[in-house]
Each structure stands twice: as structure tokens, then as C-alpha cells.
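Chemist: Build me a model:
(one chain, ligands or ions: 1)
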Amino acid sequence: MQFNHIHVIINPAAGKEEPILSYLNTVLIDTDIHWEVSVTTPDREAFDIARSLIGKTQLIVIYGGDGSIAEVARALYGCDTPMAIIPGGTANVMSKELGIPQQAIEAIRLIAGGQTKVIGIDMGMANDTPFLLRVNLGIMADMILQTSRDLKNSFGQLAYGISAIQTLVQSEPTQFKLLIDGKEFTEEGVALTVTNAGNIGISDFTFLPDINVTDSYLDVIVMNNTDLTSLLRVAGTMLFQTESEVLKHWRCKEVNITLGQPTSYICDDSEQQAETISIKIIPGVLKILVAENH
Ligand SMILES: Nc1ncnc2c1ncn2[C@@H]1O[C@H](COP(=O)(O)OP(=O)(O)OP(=O)(O)O)[C@@H](O)[C@H]1O
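Modeler: Numbers count the residues shown, from 1 in each chain. The predicted model follows:
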């Protein structure tokens with residue numbers, strides 16, 4: 001697909017330190033593409049900028065991590081303007097899921113080169129808030145909240161592992177009452193994830209086989225306990241892509257989670273609180289640019 005006008009939103013604080021303007025200029029100078037940029041600040045985030053651009057450009061490109069990508073996705077939910085990704089974060093889960101080149105300059109070349117197509121990908125809806133990747137409760141949520149910017153700057157993806165170990169020591173199981181496509185389950189667990197995407201951001205490892213952002217399904221994953229053996233089994237599950245007794249897994253269109261008390265959870269990167277969370281899949285609702293052969 002060829003575009004005459006694109007707008008690139010840059011998060012200058014995202015994980016990678018690289019000359020993104022220079023990369024953009026190097027690739028786009030020899031094309032007919034008219035390009036503009038906006039830079040996010042803590043007060044004017046990617047969501048607001050993307051919203052203000054709807055109808056004013058043909059393609060909204062985001063350079064940043066999964067947090068910034070999720071914000072743009074939320075802004076463009078249900079809208080005809082497509083988005084494209086230049087990976088600039090620590091984990092870059094979404095770009096891996098979509099087969100986007102991991103080097104920023106290569107991702108720009110893909111956008112400019114025209115060997116692309118726009119596809120509709122699924123998003124989830126959690127208590128009226130759209131999300132792109134997943135909703136996390138329990139230790140997965142604590143881990144994300146506790147992985148500080150400093151830790152990410154020093155250790156990159158390893159920061160999530162360091163934070164996971166810190167979180168494990170403090171974790172208590174929670175009772176989750178689940179209504180999954182109309183069927184009731186009660187599960188004790190230390191972590192509950194409702195995921196749209198399968199990739200966990202480490203190489204090409206996915207949570208479980210066949211989870212992806214175009215399957216029109218949500219995947220509910222409960223981790224039952226946190227002793228070290230269980231954790232190693234979960235790591236094995238991710239590496240070898242099989243289910244184990246430590247992880248329980250359901251595939252569904254809709255899940256209601258009853259927690260018994262107001263509980264913090266993470267919807268993509270933002271912290272929320274609720275006593276019950278209603279989550280459903282909205283198929284094909286976000287237009288996104290990928291390689292033609294994806
Ligand atoms: N100019 C800025 N200065 C500081 N923080 C910013 C700025 N612009 C945006 N942010 C913050 O950046 C965060 C989003 O970062 P993002 O997820 O894109 O990158 P990351 O943390 O490197 O990626 P990952 O989630 O993959 O680790 C948001 O919390 C947002 O408030």
C-alpha cells in the first residue's frame with residue numbers, strides 16, 4: 001500500500017536510544033510521502049495525539065513500546081484510519097506478533113516500500129475500556145507495576161524477570177470466580193491473564209500455541225501457584241508450548257471475573273480497579289499495517 005501522507009508519533013522516552021528522526025529522514029527523503037511528526041510528553045500522550053489526527057492523515061505511525069502502541073490502538077479502535085508500528089520499546093510484543101521488523105529503520109523501510117497491506121485485528125473490551133494485548137491480575141500485574149523505568153533502562157527485557165522474582169516472594173493466591181462463555185469456574189491462583197495476543201516479548205515465544213490477534217478469541221490463563229518448581233514448569237510450558245497443570249487455559253469470546261473485593265488489574269499498561277471485570281473480544285476492530293506476505 002502506498003501512502004501520500006503519514007504522521008509519526010514518537011515517544012522519546014521509550015526503551016531504545018536511537019536516532020529515530022535521522023532514520024525517518026534517511027528512508028523517506030527519496031519518496032513521495034509527506035511526513036510529519038509529533039512527540040509525546042507525560043502530559044500529552046500518544047492516545048490524545050492519535051485522536052487529534054483521525055481524518056487528517058492516511059496513516060498514523062507510532063514509534064514506542066507496547067504502552068504507546070496500546071494507546072494509539074485505543075484511540076483508533078473502530079476507526080478507518082490505519083496505524084503502523086516502528087518498534088521502540090523494551091519488549092515490543094505487538095510488533096513481534098505482527099511480524100514487523102525489529103530494527104526501527106527496517107520497519108520504516110517496510111512502511112515506505114509499499115509491500116504492505118492493512119488488516120483488521122482483534123481487540124478486547126474490559127469494563128468498557130478497549131485493550132490490545134491483555135488484562136493481567138495477580139503477580140503478572142504486580143510484576144508490570146513493579147518493573148520500573150530505571151530497571152528497564154539498565155536491564156532491558158531482563159527487568160521483567162528480576163521484577164517477577166521480587167513479586168513472587170510476596171504473592172498470595174486469590175479466588176477468581178469465572179464465567180467463561182456462560183460456564184462457571186472457581187479457581188485459586190496467583191495470576192490471571194486474559195490475553196488477545198500470544199507473544200510474551202521474548203524472542204518468538206508465545207504463551208501457548210495458536211493464540212494470536214486475528215483468531216477472534218480471548219485466552220484465559222490462570223497460574224495456580226508460585227513455588228519454584230511450578231515457575232520452572234511454566235517457563236517450560238512457554239518454551240515447549242504445551243499446557244501444564246500449573247497453567248489452566250480456556251479459549252472464549254467472553255469472560256466475567258468476580259473478585260469479591262475491589263482489586264487492581266492492568267489493562268494493557270494502565271492500572272485499573274474493580275470488583276468484577278467483564279471482558280469480551282471485538283474481532284477485526286483495529287486497522288493495522290503489516291507486510292504483504294504476513
Ligand atoms: N516525553 C516523555 N517523557 C517521559 N515519559 C513519557 C514521554 N512520553 C510518553 N511517556 C510515557 O511513556 C510510557 C509508555 O512507554 P512505552 O510503553 O511506549 O515504552 P517502554 O516502556 O520502553 O516499552 P515497553 O512497555 O515495551 O517496556 C507512558 O507511561 C507515557 O506516559
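Chemist: and the residue in the stretch 1-150 of the chain that the ligand sits nearest to, what are its phi and psi?
Modeler: Using CB to the nearest ligand atom, residue 65 is the residue of the stretch 1-150 of the chain that sits closest to the ligand, at 1.9 Å. (C-beta placed from N, C-alpha, C; glycine too.) Phi and psi for residue 65, reported as degrees, to the nearest 10, are phi -90, psi -170.
Chemist: Excluding residues flanking it in the chain, which one is nearest it?
Modeler: residue 89 (2.0 Å; CB to CB, 6 or more residues apart in numbering).
Chemist: So that neighbour, which state does it fall into?
Modeler: Per DSSP: H, G, I helix; E, B strand; the rest coil, the local secondary structure of residue 89 is coil.
Chemist: Residue 64 versus that one, what's the distance?
Modeler: 6 Å (CB to CB, to the nearest Å).
Chemist: Mind listing the shared neighbours of these two?
Modeler: residue 14 (CB atoms under 8 Å, 6 or more residues apart in numbering).
Chemist: returning to what we had before: what's the burial count for the residue nearest to residue 65?
Modeler: Residue 89: 24 surrounding residues under other CB atoms under 10 Å.
Chemist: Surely it and residue 67 touch.
Modeler: Yes: if you go by CB atoms under 8 Å, residue 89 and residue 67 touch, sitting 7.2 Å apart.
Chemist: next one: phi and psi at residue 28?
Modeler: Backbone torsions for residue 28, taken as degrees, to the nearest 10, come to phi -90, psi -20.
Chemist: How about residue 176, nearest residue that isn't a chain neighbour?
Modeler: Going by CB to CB, 6+ apart, residue 176 has residue 187 as its nearest residue, at 4.9 Å.
Chemist: which SSE is that neighbour in?
Modeler: If you go by DSSP states H and E, residue 187 is part of strand 183-189.
Chemist: thinking again about what came up before, any common contacting residues for residue 89 and residue 67?
Modeler: With contacts taken as CB under 8 Å, 6+ apart, residue 89 and residue 67 have residue 14 as neighbours in common.
Chemist: need the contact list for residue 109.
Modeler: Contact analysis of residue 109 by CB under 8 Å, 6+ apart lists 27, 101.
Chemist: Name the SS class of it, please.
Modeler: helix.
Chemist: repeat for the one 10 residues further on
Modeler: In terms of secondary structure, residue 119 is strand; the call rests on three-state DSSP.
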